[in-house]
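Q: sequence plus predicted model, see below.
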Number of protein chains: 2
Amino acid sequence: MATAEATRPAYTLFYWPIPGRGIFIRSLLAYADVQYDEAPVEEIVRIKSLPFSEQPIPLRGPPFLVDHMSNQALSQMTAVAHYVAMKHNLVPQGDLMKQSLALKVLCDCNDVLGELWRANGSQKLQGEWVLWDQAAWNEFREGAFVDWLKQFEALALKFGCTLDAGFLLGTPNATLADLSAWSLWVTMERCLPALSKVINENAPTVMAICRRLEKDKSELRALQESDSKKWGELYCGGLIEKSIREVIAGGVDGHFHNTPA
Amino acid sequence: MATAEATRPAYTLFYWPIPGRGIFIRSLLAYADVQYDEAPVEEIVRIKSLPFSEQPIPLRGPPFLVDHMSNQALSQMTAVAHYVAMKHNLVPQGDLMKQSLALKVLCDCNDVLGELWRANGSQKLQGEWVLWDQAAWNEFREGAFVDWLKQFEALALKFGCTLDAGFLLGTPNATLADLSAWSLWVTMERCLPALSKVINENAPTVMAICRRLEKDKSELRALQESDSKKWGELYCGGLIEKSIREVIAGGVDGHFHNTPA
């Protein structure tokens, strides 16, 4: 019993069995070689349904993390990622501006997902959830989506990254910034392969950084492979994912993806 | 000239002349008694329109901040607030978990605004911006909105706050967490006074913390007074603000607000 206690992982991560926003925490833990437990869905649902005063920390929903060393809990993807990255030396060391820039990259990722996932399906209009329609997708796909990719690419170039070397903020090692970019773009590419072309065309340096991260840490590659095996191309789930797949198929990438050259 | 250089504020903040998300940065700078310049709107528009590679940091939009000491720039509200709070000792000292919890509170605030501001007017459906309709507002107002308030209140109570004493994370001094809550709820109350009742009823302890912050720092009260003088009840601007005001007037608070008891 003592041995089992001693080897108990330091954390339990609470997240649905999809990549979603959980991948941003899982990738950090994988890159840092940190073992963690994953809570079963029933336990997440139970906690989510408790009165706020009885939750481990008052929260809206997953991801959230319990640190068993301090017996404290933390919610919000950005905050949890910050905590894990700080604790396991995955932030730019001794440079507050770059630490905040890593948060900026993470927030940018979160905004991309917010736009792609239609505000996480939190909005209704005329009694219906606000999902994608083809016109809105086409406008987003040609506009903001490509802009986001170009913005990430400009950041990589600003800090001296090339196709062959460098990390996103010009640090000597990978940080929260690189792993956030990986979590966003590599997961999107895997789950929505029709978008692979536009991602790689507009952010080739960022994607090269991502490939180097995977080469450096087999745990990261293993994470994608395991997710792929467990959940296939499941991405964010529900009606939103269904609507994303429909408009991609009906838009320029679906056409490209489905039509042999 | 040397004197003018020597007294030049350390920062320039780039944000539209409305409270919006800028108040989260302005409140920290006010509370820390830090002088800063504010960029004119034309300059913000100019930078926002530049190619990403020519922006001070590749960004989507304000708020962003230039630190003149290091000549570096930072975007994303959460990241900028983190930077300013860290630099001016407005985070829980020597306690990483509480520092991350302060970020959680800030992210919660950002999510409340995202929901209230309909994903910041970033979404279209059938060619039109997704704004509020009455049914969606009524559902949000009775559900998620009250839940958010109760969640903030539960956090304050968890860390031992009362109507008379305490700060949001149980710290000896105010931190980013308290100032984020202030920026969210006090600004909302001032700009949308019809919501004052529901805010104070569901989060009395949080609002008591906010009042103590203002009592402690006249600069904070002065910030609200100055905003009020300059911009009246202007909140987030544009079509979103118009639609918020319409559905509040048409909903339970509008009825309450407009009908004398």
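A: Nice, I can see it. Residues are numbered from 1 along each chain as shown, chains lettered A, B, ... in the order given.
Q: so the residue in the stretch 151-261 of chain A positioned nearest to chain B is in which element?
A: Going by CB to the nearest CB, chain B is nearest to residue A:154 of the stretch 151-261 of chain A, at 3.6 Å. C-beta coordinates here come from the backbone N, C-alpha and C atoms, glycine included. Remark: residue A:154 resides in helix A:144-158, with elements defined by DSSP states H and E.
Q: give me the angle between the host helix or strand of residue A:114 and helix B:96-116.
A: Assigned by DSSP H and E, residue A:114 falls within helix A:96-116. Computed by axes from the mean of the first three to the mean of the last three CA atoms, to 10 degrees, the angle separating helix A:96-116 from helix B:96-116 equals 40 degrees.
Q: export only the CA atoms of helix A:96-116, formatted as PDB.
A: Output in PDB follows, covering the C-alpha atoms of helix A:96-116 (Å, rounded to 0.1, in the frame of the first residue of the first chain):
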ATOM      1  CA  LEU A  96       8.800  37.900 -17.500                       C
ATOM      2  CA  MET A  97       8.000  39.500 -20.900                       C
ATOM      3  CA  LYS A  98       8.600  36.200 -22.700                       C
ATOM      4  CA  GLN A  99       6.600  34.300 -20.000                       C
ATOM      5  CA  SER A 100       3.700  36.700 -20.700                       C
ATOM      6  CA  LEU A 101       4.300  36.300 -24.500                       C
ATOM      7  CA  ALA A 102       3.900  32.500 -24.000                       C
ATOM      8  CA  LEU A 103       0.500  33.300 -22.300                       C
ATOM      9  CA  LYS A 104      -0.300  35.500 -25.300                       C
ATOM     10  CA  VAL A 105       0.300  32.600 -27.700                       C
ATOM     11  CA  LEU A 106      -1.900  30.300 -25.500                       C
ATOM     12  CA  CYS A 107      -4.600  33.000 -25.500                       C
ATOM     13  CA  ASP A 108      -4.400  33.300 -29.300                       C
ATOM     14  CA  CYS A 109      -4.800  29.500 -29.500                       C
ATOM     15  CA  ASN A 110      -7.800  29.700 -27.300                       C
ATOM     16  CA  ASP A 111      -9.300  32.500 -29.400                       C
ATOM     17  CA  VAL A 112      -8.800  30.500 -32.600                       C
ATOM     18  CA  LEU A 113     -10.700  27.600 -31.000                       C
ATOM     19  CA  GLY A 114     -13.400  29.900 -29.800                       C
ATOM     20  CA  GLU A 115     -13.900  31.200 -33.300                       C
ATOM     21  CA  LEU A 116     -13.700  27.700 -34.900                       C
END
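Q: after that helix, which helix or strand is next?
A: Note on helix A:96-116: by DSSP H and E, the next helix or strand toward the C-terminus is helix A:118-121.
Q: next, see if that next one gets close to chain B.
A: Yes - residues of helix A:118-121 contacting chain B under CB under 8 Å from any CB of the partner chain: A:118-119.
Q: in that helix, what's buried?
A: A:118-121 (16 or more other CB atoms under 10 Å in any protein chain shown).
Q: got it, and stretch A:93-109?
A: Judged by neighbour count using 16+ other CB under 10 Å, the buried positions of stretch A:93-109 are A:97-109.
Q: circling back to that earlier point, specify which member of the buried residues of helix A:118-121 is nearest to chain B.
A: When the buried residues of helix A:118-121 are compared against chain B (criterion: CB to the nearest CB), the nearest one is residue A:119, at 3.9 Å.
Q: which non-adjacent residue is nearest the closest one?
A: Nearest-residue entry for residue A:119: residue B:119, 3.9 Å, with adjacent residues in sequence omitted and distances by CB to CB, 6 or more residues apart in numbering or on different chains.
Q: shouldn't that neighbour be in contact with residue A:120?
A: No - assessed by CB atoms under 8 Å, residue B:119 is found out of contact with residue A:120, at 9.1 Å.
Q: quick check: neighbours shared by the two?
A: Residues touching both residue B:119 and residue A:120 (CB atoms under 8 Å, 6 or more residues apart in numbering or on different chains): residue A:114.
Q: and chain B, which of the buried residues of stretch A:93-109 contact it?
A: Filtered for proximity to chain B (CB under 8 Å from any CB), those shrink to A:97, A:99-101, A:103-104, A:107-108.
Q: save these as TSV, and put in pLDDT and distance to residue A:208 too.
A: Supplementary listing: these in TSV, determined by pLDDT from 0 to 100; distance: CB to CB, whole Å:
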residue	pLDDT	distance to residue A:208
A:97	98	25
A:99	98	24
A:100	98	25
A:101	98	20
A:103	98	23
A:104	98	21
A:107	98	23
A:108	98	19
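Q: now those residues as CSV including distance to residue B:28?
A: As requested, these are arranged in CSV below (distance: CB to CB, whole Å):
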residue, distance to residue B:28
A:97, 16
A:99, 17
A:100, 13
A:101, 18
A:103, 15
A:104, 16
A:107, 17
A:108, 21
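Q: strands along chain A, start to end?
A: Ranges of strands in chain A, per DSSP state E, are A:11-14, A:36-38, A:64-67, A:72-75, A:124-125, A:128-129.
Q: got the confidence number for the closest residue to residue A:59 other than its chain neighbours?
A: Take residue A:59 and drop its neighbours on the chain: the residue closest to it by CB to CB, 6+ apart is residue A:75, 3.8 Å away. Listed pLDDT for residue A:75 reads 98.
Q: list the contacts of residue A:75.
A: Contact criterion CB under 8 Å, 6+ apart gives A:57, A:59-65, B:104 as the residues in contact with residue A:75.
Q: give me the buried entries from these.
A: Under a neighbour-count criterion of 16+ other CB under 10 Å, the subset of the contacts of residue A:75 counted as buried comprises A:57, A:59-60, A:62-65, B:104.
Q: identify the farthest-apart pair in those residues.
A: Maximum pairwise distance among the buried ones among the contacts of residue A:75 (CB to CB): 14.4 Å, between A:60 and A:65.
Q: per-residue pLDDT of residue A:79, please?
A: The per-residue pLDDT of residue A:79 was computed as 98.
Q: swap in the one 5 residues further on?
A: The pLDDT attached to residue A:84 in the predicted structure is 98.
Q: what's the answer for residue A:54, then?
A: Note on residue A:54: pLDDT of 98.
Q: now do residue A:201
A: We note a pLDDT of 98 for residue A:201 in this prediction.
Q: how about residue A:5?
A: 52.
Q: ditto for the one 3 residues further on
A: Looking at residue A:8, its pLDDT stands at 82.
Q: with adjacent residues omitted, what lies nearest to it?
A: Using CB to CB, 6+ apart and skipping residues adjacent in sequence, the residue nearest residue A:8 is residue A:68, 6.7 Å away.
Q: and the one you found, how far from chain B?
A: For residue A:68, the distance to chain B (CB to the nearest CB, to the nearest Å) stands at 12 Å.
Q: next up, the contacts around residue A:236.
A: Applying CB under 8 Å, 6+ apart, one finds that residue A:236 lies in contact with A:18-20, A:113, A:117, A:120, A:244.
Q: now stretch A:111-127: how far from the chain's centre is it?
A: Computed by CA atoms, centre = their mean, to the nearest Å, the separation of stretch A:111-127 from the middle of its chain amounts to 17 Å.
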